[in-house]
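In: build me a structure from this.
(one chain, ligands or ions: 1)
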Amino acid sequence: QTGLTALDYGFVNTASTQSEITYIDGNQGILRYRGYPIEQLAENSTYLEVAWLLIYGSLPSADELAEFDEKIRRHTLLHEDLKRFFSALPHTAHPMSVLSSAVSALSTYYEGTDPDDVELTMVRLLAKLPVIAAYAHKKSLGQAFLYPDNSLSFVDNFLRLNFGNMAEPYDIDPTLSKALDRLLILHEDHEQNASTSTVRLVGSTGANLYSSISAGIQALSGPLHGGANEAVLQMLAQIRDSGEGVGKFVERVKRKEDGVKLMGFGHRVYKNYDPRAKIVKQSADEVLAGLGVADPLLDIAKELEQFALEDEYFKERRLYPNVDFYTGVIYKAMGFPTRMFTVLFAIGRLPGWMAHWREMNLDPQTKIGRPQQLYVGEAERRYPGV
Ligand code: SDX
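Out: Here you go, the predicted model:
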């Protein structure tokens, strides 16, 4: 639709830039998963229903969704040896490092089985990634790991694994559950961003899905990408604690003092308001009120946004809030530590990563990815004395 070819994107093989999964119009601020506007999915769907949509191209029937949900519940247990894997890591390990390492280790339990059983691998990853994530959280707290409870929904099981403990029953808060499901939907796919391109590039070599997802998690961890949601909270807390005020901080950003950036602002594609950020901002007030949480960081975020949107520096560079700008305030209100924010992004993005990996590997035209380079180095030179 853009008239550009793969060569304009720097990838030699065309299959790595063609996709039927997600459409983004960066100027209009439009995002659609398989043609469905993100606003309608966020309001009416669920994480697992959208996961099926992204992977298989259509919304599942009620029976298909029920069977998918049931299969995932049946695969939540980790091998007991894999649980011991966590004891090899320091409790200070960043949960994103734990997540990537554990997913890579997960593949070792299935070597020799049918590596081509992509459908089963996708079910295993959807079922086990949240458990690994919760164990990384519990590990950082020095708390015991709980076993999954397959009578609970996907999101409720995840919440209980994170916030439940061995000593007492865990009461599910429906506000929390619905809000987290919506946030996960908003993160499920975003076309060929850095981490999805990583998953596709690694997958194009013939590496298995676990390895490709492990690489995607590492790519997502960077502060310019998924790591931004953690960096936004640190930025807001720094503004609060320093007492410098929003205005002074914005001036430092404009001066590019020490490379400081307005984290959660700007985007490679959106040169308008990120439609996901709009939805998150709307639900931030609702979720915090529903949880009975008042957080001055939300007020700082709103003041910061107002300041930036009215400032020529940001307007002329077409810098708007992106998906990471408000999510952290909600995750914090839910009780997640800041270092778990990008892990939540990874759980959200897993279906999109797998949908792209599967789409690429189903395409017989796919060749190994080989980003094109423009050589700007020295012309031929002669070795001394030769
Ligand atoms: C995600 O690709 C995706 O789809 C990603 C994602 C997904 O769902 O997968 O949407 C998720 O990663 C969102 C982005 C999260 N990252 C951040 O919030 C980090 C802060 N943002 C920036 O680092 C930056 O905006 C990027 C990396 C997101 C985008 O960079 P661009 O589009 O390459 O912009 P640029 O670096 O070319 O900047 C253009 C100008 C520069 O100024 P000048 O050199 O022209 O004077 O805008 C400035 C930049 O300095 N600028 C910023 C800024 N972002 C860009 N200035 C201050 N604060 C910022 N955040």
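In: spatially nearest residue to Ser153 (excluding sequence neighbours)?
Out: Nearest residue to Ser153 in three dimensions, chain neighbours excluded: Ser177, at 7.4 Å (Cβ to Cβ, 6 or more residues apart in numbering). All C-beta atoms are positioned from the backbone trio N, CA, C, and that covers glycine.
In: what is the neighbour count of the closest residue to the ligand within the stretch 201-350 of the chain?
Out: Distances between the stretch 201-350 of the chain and the ligand by Cβ to the nearest ligand atom are smallest at Gly266, namely 2.2 Å. Each residue near Gly266 was counted by other Cβ atoms under 10 Å, and the total is 21.
In: can you list the residues of this structure near the ligand?
Out: 190, 193, 224-226, 228, 253, 261-269, 317, 319, 322-324 (Cβ under 6 Å from any ligand atom).
In: wait, Ser195 sits on Leu220?
Out: Yes. In this structure, Ser195 is within contact of Leu220 by Cβ atoms under 8 Å, at 4.0 Å.
In: which neighbours do those two share?
Out: Common contact partners of Ser195 and Leu220 (Cβ atoms under 8 Å, 6 or more residues apart in numbering): Gly226, Arg349.
In: what's the spacing between the strand or helix carrying the residue nearest to Ser153 and its chain's center?
Out: Ser177 is part of helix 174-186, with elements assigned from DSSP states H and E. Centre-to-centre, helix 174-186 and its host chain are 14 Å apart (Cα atoms, centre = their mean, to the nearest Å).
In: only the buried residues of that helix, if you could.
Out: Buried residues in helix 174-186, counted by 16 or more other Cβ atoms under 10 Å: Thr175, Leu176, Ser177, Lys178, Ala179, Leu180, Asp181, Arg182, Leu183, Leu184, Ile185, Leu186.
In: same question, stretch 276-290
Out: Applying 16+ other Cβ under 10 Å to stretch 276-290 flags Arg276, Ala277, Lys278, Ile279, Val280, Lys281, Ser283, Ala284, Val287, Leu288, Gly290 as buried.
In: cool, and stretch 220-236?
Out: Neighbour counts over stretch 220-236 (16+ other Cβ under 10 Å) mark 220-221, 223, 225-233, 235-236 as buried.
In: tell me the two of these that are most distant?
Out: Farthest apart among those by Cβ to Cβ are Leu220 and Leu236. That separation is 21.0 Å.
In: need the contact list for the closest residue to Leu319 other than its chain neighbours.
Out: Nearest non-adjacent residue to Leu319, counting by Cβ to Cβ, 6+ apart: Gly266, 4.5 Å away. Neighbour list for Gly266: Arg317, Leu319, Tyr320, Asn322 [criterion: Cβ under 8 Å, 6+ apart].
In: the second one: how many residues sit nearby?
Out: What it means is Leu319. Neighbour tally, Leu319, other Cβ under 10 Å: 20.
In: isn't it right up against Gly264?
Out: No. In this structure, Leu319 is not within contact of Gly264 by Cβ under 8 Å, at 10.3 Å.
In: off-centre distance for stretch 75-90?
Out: 22 Å.
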